[in-house]
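> sequence and predicted structure, then a few things I'm wondering about:
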Amino acid sequence: GAVVSQHPSRVICKSGTSVKIECRSLDFQATTMFWYRQFPKQSLMLMATSNEGSKATYEQGVEKDKFLINHASLTLSTLTVTSAHPEDSSFYICSARDPRVYEKLFFGSGTQLSVL
Amino acid sequence: GEDVEQSLFLSVREGDSSVINCTYTDSSSTYLYWYKQEPGAGLQLLTYIFSNMDMKQDQRLTVLLNKKDKHLSLRIADTQTGDSAIYFCAEPPPQTGANNLFFGTGTRLTVIP
């Protein structure tokens, strides 16, 4: 089946640094990818929709200058958490839809970000 | 996501059946989904059902859909310890052209050996 790969799986960084998370579709092209955030013991909340070749669409309340999204190719989207602070610590998950089986939305394995 | 509701916890004994329930909001949803999340991992698509179906069975999994009541359930037969995880139901948002998903609160299933 379709595979979405996400790296790194875990990152610990100091406050004020920037962290980049990669999301790749391995065997299909994804014009759209989605970035979700999950707090401990909570559900997933959509942060933004990443659009290949154009600007990302951010959900209400999500700072676009804080969470930079780049979707430069049909198989790669990146999320950069800029000037990270402890409150940015969370589990970030990307997802993409395989156009061959459009009803399915596949997820990466997630990235646990801890900001000290 | 807050309008897709699930009970938070469920405990069952190994070998019994588990039934996880979900109420959703959008009667026009074309597909409804069940995902499984193990600790520290991403989401695994378990199964999904098209809105014109009442039931879908896939090995140990049975999905029941009651469109009138906007109720979706996932039954796991012969539950195993490896089934312990959080289960999320999900529906597409009520927006034309949107293809992300809204997730329920998640049900933490604990299987007792």
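Arrived safely, thanks for sending. Worth saying up front: this structure is predicted, and the values here are computed from it rather than measured.

> give me every residue in chain A lying close to chain B.
Counting by CB under 8 Å from any CB of the partner chain, the residues of chain A lying close to chain B are A:4, A:6, A:32, A:34, A:42-46, A:49, A:91, A:93, A:95, A:97, A:102-110, A:112. To be clear about C-beta, it is placed using only N, CA and C from the backbone, and glycine gets the same treatment.

> which PyMOL command selects the buried ones in the residues you listed?
PyMOL command restricting the residues of chain A next to chain B to the buried ones, with burial defined by 16 or more other CB atoms under 10 Å in any protein chain shown:
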select buried, chain A and resi 4+6+32+34+43+44+45+46+49+91+93+95+97+105+106+107+108+109+110
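
> which ones among the residues of chain A next to chain B lie within helices?
Of these, none are assigned to helices by DSSP state H.

> pick out the least confidently modelled helix or strand of chain B, by mean pLDDT.
strand B:102-103 (a mean of 88; mean pLDDT, DSSP states H and E).

> show me which residues of stretch B:26-41 are buried.
Those would be B:Asp26, B:Ser29, B:Tyr31, B:Leu32, B:Tyr33, B:Trp34, B:Tyr35, B:Lys36, B:Gln37, B:Ala41, for stretch B:26-41 by 16+ other CB under 10 Å.

> what comes into contact with it?
Residues outside stretch B:26-41 that contact it (CB atoms under 8 Å, 6 or more residues apart in numbering or on different chains): A:91, A:103, A:105, A:107, A:109-110, A:112, B:20, B:24, B:43-51, B:61, B:63, B:65, B:67, B:70, B:72, B:74, B:85-94, B:101, B:103, B:106.

> buried ones among these?
A:91, A:105, A:107, A:109-110, B:20, B:24, B:43, B:45-49, B:63, B:65, B:70, B:72, B:74, B:85-92, B:101, B:103, B:106.

> ok, now how distant is the residue of chain A most remote from its centre from chain B?
Within chain A, the residue lying farthest from the chain centre (CA atoms, centre = their mean) is A:Arg100, at 21.7 Å. Separation of A:Arg100 from chain B (CB to the nearest CB, to the nearest Å): 14 Å.

> just to be sure, that residue is in a helix?
Yes. Per DSSP: H, G, I helix; E, B strand; the rest coil, A:Arg100 lies within a helix segment.

> give me the nearest residue to it, chain neighbours excluded.
For A:Arg100, ignoring the flanking residues on the chain, the nearest one in space by CB to CB, 6 or more residues apart in numbering or on different chains is A:Phe28 at 6.4 Å.

> so that neighbour, which of the three states?
Under three-state DSSP, A:Phe28 falls in the coil class.

> where does B:Thr25 sit: helix, strand or coil?
B:Thr25 - assigned by three-state DSSP - is coil.

> could you report the neighbour count for it?
By other CB atoms under 10 Å in any protein chain shown, the residues close to B:Thr25 number 14.

> leaving out sequence neighbours, find the closest residue to it.
Closest to B:Thr25 by CB to CB, 6+ apart is B:Asp3, at 4.3 Å.

> thought that neighbour was touching B:Phe103?
No. The pair B:Asp3 and B:Phe103 fails to qualify as a contact (CB atoms under 8 Å) at a distance of 10.6 Å.

> okay, B:Ala98: pLDDT?
pLDDT, B:Ala98: 60.

> partner strands of the lowest-mean-pLDDT helix or strand in chain A, parallel or antiparallel?
Using mean pLDDT, DSSP H and E, strand A:105-107 stands out as the lowest-scoring helix or strand of chain A, at a mean of 89. With DSSP bridges as the test, strand A:105-107 is paired with strand A:90-97 (antiparallel).
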